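In: Need a 3D model of the following:
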Amino acid sequence: MKTTSFVVQGLVAIFAGLMFTAGASTLDEIRALEAKKQVPARQEAAIVPDSQISAAPGRRYSLPDNRQINVADYRIVLFMQGGCHYCQQFDPQLAQLSAQTGFRVFPYTLDGQGDASFPAAIPAPRAVLDQFFGPGNNGVTPTTFIVNVNTLQSWPLAQGILDMNTLLQRINQALMFRQG
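Out: All right, here's what the predicted structure looks like:
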């Protein structure tokens with residue numbers, strides 16, 4: 001797996017899949033989708049809020065080298081499927097990690113279905129799949145990336161089931177590399 005750096009085109013591709021009507025802006029569509037969600041209280045920390053598409057002051061996270069970052073500057077992008085046996089094992093743990101650390105999860109679904117942990121997953125458009133997995137590749141689930149919402153730089157974290165300690169180590173490595 002190689003590290004991929006995204007430019008503004010990447011963010012446009014990520015959020016392009018959220019547009020369902022031709023006349024509205026992407027941000028308006030995101031707000032409309034978020035307003036319709038009925039998310040259980042335990043999930044609120046795991047869903048991208050309508051008011052925080054860009055970074056805002058927020059919760060601080062300490063890296064192992066004692067540097068501090070603002071978790072609002074990052075999203076964990078999850079590719080999942082409602083019918084994926086591995087996602088059903090991985091996603092609840094990721095939702096719990098999100099709640100503990102403050103890193104929000106932006107869930108994309110490859111089969112059009114959410115699951116118990118991410119019931120409002122967004123269907124992944126072809127442009128997003130091409131950006132994250134390469135042109136023509138349909139992806140593997142579960143797969144996670146961490147994305148800086150300001151620079152659109154992303155780092156792959158995992159494909160398949162991974163324990164949360166290892167995932168947290170990979171998040172720390174990606175962020176220390178970025179910070180260093």
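In: ranges for the strands of this protein?
Out: Under the criterion DSSP state E, the chain carries strands at the ranges 4-5, 60-62, 68-70, 74-80, 104-109, 122-123, 143-148, 153-159.
In: same for the last one, what does it pack against?
Out: Contact analysis of strand 153-159 by 3 or more CB pairs under 8 Å, 6 or more residues apart in numbering; DSSP states H and E lists strand 4-5, strand 143-148, helix 164-179 as its packing neighbours. Where C-beta positions appear, they are placed from N, C-alpha and C, glycine not excepted.
In: That strand to helix 164-179, inter-axis angle?
Out: On the basis of axes from the mean of the first three to the mean of the last three CA atoms, to 10 degrees, strand 153-159 is oriented at 160 degrees to helix 164-179.
In: Tell me the strands beside strand 153-159, with direction?
Out: Each strand that strand 153-159 pairs with, and the sense of that pairing, follows from DSSP bridges: strand 4-5 (antiparallel), strand 143-148 (antiparallel).
In: as a whole number, average confidence for the first one?
Out: The reference is to strand 4-5. Strand 4-5 shows an average pLDDT of 38 in the prediction.
In: Okay, now the unreliable bits of this structure?
Out: Applying pLDDT under 70 to the chain flags the ranges 1-57, 179-180.
In: change it to 90
Out: Scanning the chain for pLDDT under 90 picks out the ranges 1-59, 152, 177-180.
In: what's the first-to-last distance across stretch 71-86?
Out: Across its full length, stretch 71-86 reaches 26 Å end to end, with CA to CA, to the nearest Å as the criterion.
In: So for that stretch, what gets flagged as buried?
Out: Using 16 or more other CB atoms under 10 Å as the test for burial, stretch 71-86 gives 71-82, 84.
In: out of these, who's nearest L157?
Out: When these are compared for distance to L157 (CB to CB), I76 comes out closest, at 7.3 Å.
In: Does the closest one have any beta-bridge partners, and if so which?
Out: Using DSSP bridges, the beta-bridge partners of I76 come out as V105, I146.
In: And the strands paired with strand 153-159: which comes nearest I161?
Out: Taking CB to CB as the criterion, I161 comes closest to strand 143-148 out of the strands paired with strand 153-159, the separation being 10.9 Å.
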